[in-house]
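In: Got a sequence here, can you model it:
(chains A and B)
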Amino acid sequence: MSKETKKKIKIESDDKEQKVDVKVEDETTEEAKEPVTEETSEESPEADKEETPEEAAPADEEKTSDESPKTDKEEDKFGADGKIHSGLFDKKKKEKKDPMKEKVAELEDRVKRQMAEFENFRKRSEKEKTQMYDMGAKSVVEKILPVIDNFERGLAGAPDDAFAEGMQMIYKQMTTALDEMGVKEIEALGKEFDPELHNAVMHVDDDQYGESEVVEVLQKGYTYHDTVVRHSMVKVAN
Amino acid sequence: MSKIIGIDLGTTNSCVAVMEGGKPTVIANQEGARTTPSIVAFTKNGERLIGEPAKRQAVTNAEKTISSIKRDMGTDNGRTIDDKKYSPQQISAMILQKLKADAESYLGESVSEAVITVPAYFNDAQRQATKDAGKIAGLDVKRIINEPTAAALAYGLDNEGEQKIMVYDLGGGTFDVSIIEIGDGVIKVLSTNGDTHLGGDDFDQKITDWMLSEFKNKEGVDLSTDKMALQRL
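Out: Down below sits the predicted model:
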């Protein structure tokens, strides 16, 4: 008899499986999407990470077990056995399909990681984009600073004539322009040494100065919009 | 699961990187630099400074500034500061913590696992001490890798079939040369040697000295007595 019947059963059950499959797959995709959107909105990354694997685990299982009947191997097994209760069928299937399940779980895990990585990358690029202008400006300022230094050195030793006065005015014009851009000199002389702003290159023990007092500025430091472009090179007492 | 960071815990400078899209990316620290000085300092106010700020105050706070702690890894030569004794592991852990924090702020997620490189000549005690430092810093150290091995891996040399290569590692304070053998995905350090007190800093000093003598010859001015000029050099 039974070639035909066998076939029939096979097709029926296949259809059934297919239907279930589609339905569940929709659910899983929805579920899978959710944590990702949560990640974008939430600030704390720790919370995300704890959630994602937990939600991912059941989704993995559903998907793998339902997808497996599509494979040839599964159909062969069913065809050979003829009538098998679906309960037993499921059980056997699960046992046999372990490597497949693992593979899917592994791939799904990888996709999730890539998504998370991409999301972080996107956020970071956005942040970097907003910082781009400041970073560019900062590096230009950094290049200009030695010119200012040399202006100051030159003017310090210049004779008191009309030419020097002209240079003084140009120097002033330059520092004003920088000042308007947001470049400010770091105050150091007489202040308490602050490693965030100052770079100590010399130390002196001298009782006439206070504790950690900056007694000499060897090279002026500058900030640009509250970030240090160049630290003040200083001599610190005590 | 979070990302695993790779850390080069150096004698003078340290560096942290992460795999992104299959490629290693060096993570810049909070100060914007790609390497962080391996220096820890305790200020007069009891504040703890690590990296660049620690380096900037080293001159004026020498007795409470710790550098080159890597040389003491695996020994009991801790440092005592403000009557508190710190083991080399603890000091190293502070540097690792700073690198970890920088990596976390870059990645936007917490980091709990790391791979740390050590010189090929490190013995078991030194490797264990490095691992312990990681643990103290809250990092699960997945692997301790030899520095020359890491260098070979970075160049993808493990995919090029069997070969022997020589790796030069010129650091800020040390210079290592290793000969390693690559074959069948196994990298073996055959021999390693070097000078633990020769590095880029010595080169800088030599160049400075040369410039001083040149200037003296040409202009007849001895700049070595002029500290401001020395700093500029």
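In: Distance of residue B:19 relative to residue B:103?
Out: 12 Å (C-beta to C-beta, to the nearest Å). Every C-beta, even on glycine, is put in place using the N, C-alpha and C of the backbone.
In: And residue A:230, by the same measure?
Out: 26 Å.
In: and the two? which has more neighbours close in?
Out: Set residue A:230 next to residue B:103 and count neighbours by other C-beta atoms under 10 Å in any protein chain shown: residue B:103 wins out with 23 against 19.
In: Name all residues that make contact with residue B:23.
Out: Not one residue lies near residue B:23 by C-beta atoms under 8 Å, 6 or more residues apart in numbering or on different chains.
In: bridging residues for it?
Out: Beta-bridge pairing for residue B:23 (DSSP bridges): residue B:20.
In: now swap in residue B:177 and tell me
Out: Beta-bridge partners, per DSSP bridges, of residue B:177: residue B:168, residue B:193.
In: Enumerate every residue touching it.
Out: Per C-beta under 8 Å, 6+ apart, neighbours of residue B:177: B:166-169, B:192-194.
In: Just the buried residues of these.
Out: In those, burial by neighbour count holds for B:167, B:169, B:192, B:194, counting by 16 or more other C-beta atoms under 10 Å in any protein chain shown.
In: With pLDDT and distance to chain A added, can I get the residues you listed in a markdown table?
Out: Output for these, formatted as a markdown table (pLDDT from 0 to 100; distance: C-beta to the nearest C-beta, whole Å):
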| residue | pLDDT | distance to chain A |
| --- | --- | --- |
| B:167 | 89 | 30 |
| B:169 | 89 | 28 |
| B:192 | 89 | 35 |
| B:194 | 85 | 30 |
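In: Export those residues as JSON lines, with columns for distance to residue A:178.
Out: Output for these, formatted as JSON lines (distance: C-beta to C-beta, whole Å):
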{"residue": "B:167", "distance to residue A:178": "46"}
{"residue": "B:169", "distance to residue A:178": "42"}
{"residue": "B:192", "distance to residue A:178": "51"}
{"residue": "B:194", "distance to residue A:178": "46"}
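In: Alongside chain A, which residues does chain B contribute?
Out: B:1-3, B:20-21, B:41, B:43-44, B:49, B:53-54, B:56-62, B:106-110, B:227-228, B:231-232 (C-beta under 8 Å from any C-beta of the partner chain).
In: ok, residue B:9 to residue A:108 distance?
Out: Taking C-beta to C-beta, one finds residue B:9 at 35 Å from residue A:108.
In: When the two are compared, which one has more neighbours?
Out: Between residue B:9 and residue A:108, counted using other C-beta under 10 Å, residue B:9 has the larger neighbour count: 24 against 18.
In: what sits against the more buried one?
Out: Contacts of residue B:9 (C-beta under 8 Å, 6+ apart): B:38, B:70, B:92, B:95-96, B:116-118, B:130, B:133.
In: among these, who's most crowded?
Out: residue B:38 (31 neighbours).
In: mind checking pLDDT for the residue nearest to it when sequence neighbours are not counted?
Out: Of all residues not flanking residue B:38 in the chain, residue B:14 sits nearest, at 4.9 Å (C-beta to C-beta, 6 or more residues apart in numbering or on different chains). Looking at residue B:14, its pLDDT reads 95.
In: residues of the helix or strand harbouring residue B:14 that come out buried?
Out: Using DSSP states H and E, residue B:14 maps to strand B:13-20. The neighbour-count check on strand B:13-20 (16+ other C-beta under 10 Å) flags B:13-18 as buried.
In: Stretch B:217-231 too?
Out: In stretch B:217-231, counting by 16+ other C-beta under 10 Å, buried: residue B:223.
In: Can you tell me what sits against it?
Out: Contacts for stretch B:217-231 (C-beta under 8 Å, 6+ apart): A:201-202, A:218-219, A:233, B:208, B:212, B:215-216, B:233.
In: got the CA positions of that stretch in PDB?
Out: C-alpha atoms of stretch B:217-231 as PDB (Å, rounded to 0.1, in the frame of the first residue of the first chain):
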ATOM      1  CA  ASN B 217      80.100  74.500  18.200                       C
ATOM      2  CA  LYS B 218      78.200  76.800  15.800                       C
ATOM      3  CA  GLU B 219      77.000  79.500  18.100                       C
ATOM      4  CA  GLY B 220      79.400  79.200  21.000                       C
ATOM      5  CA  VAL B 221      76.500  79.100  23.500                       C
ATOM      6  CA  ASP B 222      76.200  76.300  26.000                       C
ATOM      7  CA  LEU B 223      72.500  75.600  26.200                       C
ATOM      8  CA  SER B 224      72.900  72.700  28.700                       C
ATOM      9  CA  THR B 225      72.900  75.300  31.500                       C
ATOM     10  CA  ASP B 226      69.800  77.000  30.200                       C
ATOM     11  CA  LYS B 227      66.900  74.900  31.500                       C
ATOM     12  CA  MET B 228      64.300  76.700  29.400                       C
ATOM     13  CA  ALA B 229      66.300  76.000  26.200                       C
ATOM     14  CA  LEU B 230      66.700  72.400  27.300                       C
ATOM     15  CA  GLN B 231      63.000  72.000  27.700                       C
END
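In: taking the mean pLDDT, what do you get for it?
Out: In the prediction, stretch B:217-231 has an average pLDDT of 75.
In: Low-confidence stretches in chain A?
Out: A:1-97 (pLDDT under 70).
In: re earlier: tell me the one of the buried residues of strand B:13-20 nearest residue A:117?
Out: Residue A:117 lies nearest to residue B:18 out of the buried residues of strand B:13-20, by C-beta to C-beta, at 9.8 Å.
In: you'd agree that closest one is up against residue B:28?
Out: No. Residue B:18 is beyond contact range of residue B:28, at 11.7 Å (criterion: C-beta atoms under 8 Å).
In: list the residues that contact both of those two?
Out: Residues within reach of residue B:18 and of residue B:28 at once, by C-beta under 8 Å, 6+ apart, are residue B:106.
In: Can you get me a residue count around residue B:59?
Out: When neighbours are counted by other C-beta under 10 Å, residue B:59 comes out with 16.
In: Just confirm residue A:227 contacts residue A:138, I think it does.
Out: Yes. Residue A:227 is within contact range of residue A:138, at 6.8 Å (criterion: C-beta under 8 Å).
In: now the host helix or strand of residue B:115, how far from the centre of its chain.
Out: Assigned by DSSP H and E, residue B:115 belongs to strand B:113-118. How far strand B:113-118 lies from its chain's middle: 12 Å, per C-alpha atoms, centre = their mean, to the nearest Å.
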